[in-house]
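J.: Below is the sequence, then the predicted model.
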Amino acid sequence: MPLNSWTSWPLRESLAREGIGGTRLWIGRAVRALVVVGLVWTTLSGRNFSGWGLVAAAAGMAGALLAFRSFFRMTLARRLLPSIGLFFLLEGAALAFELAGARTPAIVLWCACAILAMERLPLSVAVPCSAVALGAFAVVNTGNWWSTAATTAGLALAGYVVRLDAEARGNSQRLLAQERAARSAEAESAALAERGRIAREIHDVLAHSLSAQLVHLEAARQLIQRSPDLEADRDQILERVVACRGMAREGLDGTREALSALRGDMIPVEDFLRRLTAAEGARLDVAGERRTMSAEAGLAVRRVAQEALTNARKHAPGARVSVRLEYADGGVGLEVRDSGGDGTPAELARSGSGYGLLGMRERAELLGGTLESGPDEEGFVVRLRVPV
């Protein structure tokens, strides 16, 4: 047996009797009450106590009950020396009952002390204390020595079994508390992750919407600055302002869509891409067998498509844009390619280094996927691959 099992206290859950059912608890209390009443009755009625003797006997039994209660509290608080002191006080009370001729309460005290010591004290202290109590019981029990030895051994075994039962119950309560704490931590972690996903989605939607609005606002600003006669360019400026309003509305709709998607209520990715490419004048190709995506993977595809198309409109105006969605084994791929636009190579290179695609790359990595972007011989390409 390991050394710490001899020197360590029983679990607090064992000493506090946690995990005991209500019925078993009340049965135990009723049994203890009946034992106390029976001991008082047999002690005071079986002896010719009178006057001060009766008062002394009643005070002795009340003191023993108080010492028992204090012993329970001291062991629950894991205070070794006070617990040992109370134990030997009970042993002295049992000896006093024996000398006064009240053998029944003396024997009950010795047996109860032996069992409680084994249940509630460290084994290094419980074994000698229990041996003292059982030794006193064996000495005063002058009957058949076979029955005395069998009773002593049975009481020692009963004390150890009670200890094992209490430890098993304490371990069960501790495991139950740990499981509850783990579930609480898991729920809290899930809530924090959900908040993080919502914050990321709102950030991405607003970043996309504001970026698109800046394109139109910049065009409107240039028209105002270079046109001495604003009336001539009024229609173009109005068109840009209306486009900005549409982008702001799109951003709000995108935010609502992100929240709906995180709740599991969103349209299929193909339908979203068809609407998006139709609005942007891009071509859409879908390859592979259609399958269900997780909410996070579907949102990643949506946001990357939106950001890539916004970059194409901003940095390569007039470019031919194609979008390809491909279902593959274990994942889904998205490719957005633009070519033939009016943007310079430097502008095309800058389109892949903004915060939008950087955020998309971080999103893909969090999902265990990848995102690559950069110019090629035809123009600019963005490739996303995420597991479904």
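T.: Structure's in. What do you need? Since this is a predicted model, take the numbers as computed values, not measurements.
J.: where does the stretch 51-200 of the chain dip in pLDDT?
T.: By pLDDT under 70, the low-scoring segments of the stretch 51-200 of the chain are 51-55, 57, 142-143, 191, 194-195, 197-198.
J.: What ranges does it have for its helices?
T.: Here the stretch 51-200 of the chain has its helices, by DSSP state H, counting those that start in this stretch, at 52-76, 80-99, 103-120, 123-140, 145-226.
J.: Those helices: which one's closest to residue 7?
T.: Shortest separation from residue 7 across these is recorded for helix 123-140, at 5.4 Å, computed as Cβ to Cβ. The way it works is simple: take the backbone N, C-alpha and C, and place the C-beta from them, glycine included.
J.: buried sites along the closest one?
T.: 123, 125, 126, 127, 129, 130, 132, 133, 134, 136, 137, 138 (16 or more other Cβ atoms under 10 Å).
J.: circling back: give me whichever of the helices of the stretch 51-200 of the chain is most buried.
T.: helix 103-120 (a mean of 22; mean count of other Cβ atoms under 10 Å).
J.: Counting by contacts, list what it packs against.
T.: On a contact count with 3 or more Cβ pairs under 8 Å, 6 or more residues apart in numbering; DSSP states H and E, helix 103-120 meets helix 22-46, helix 52-76, helix 80-99, helix 123-140, helix 145-226.
J.: Point out the other helices and strands that the fourth one packs with.
T.: Taking 3+ Cβ pairs under 8 Å, 6+ apart as the contact definition, the neighbouring helices and strands of helix 123-140 are helix 3-7, helix 80-99, helix 103-120, helix 145-226.
J.: The second one now?
T.: Packing partners of helix 52-76 (3+ Cβ pairs under 8 Å, 6+ apart): helix 12-15, helix 22-46, helix 80-99, helix 103-120.
J.: Report the mean per-residue pLDDT for the longest one.
T.: The reference is to helix 22-46. Taken as a whole, helix 22-46 has a mean pLDDT of 65.
J.: List of residues touching stretch 111-129?
T.: 5-10, 15, 68, 71-72, 75, 80, 83-84, 87, 90-91, 94, 130, 133-134, 137, 155-156, 158-160, 162-163, 166 (Cβ atoms under 8 Å, 6 or more residues apart in numbering).
J.: Can you add distance to residue 311 and give the helices and strands packed on helix 123-140 back as TSV?
T.: Shown next, in TSV, are the helices and strands packed on helix 123-140 (distance: least, Cβ to Cβ, whole Å):
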stretch	distance to residue 311
helix 3-7	64
helix 80-99	73
helix 103-120	73
helix 145-226	8
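J.: ok, residue 290 - how many residues close by?
T.: Neighbourhood size, residue 290 [other Cβ atoms under 10 Å]: 12.
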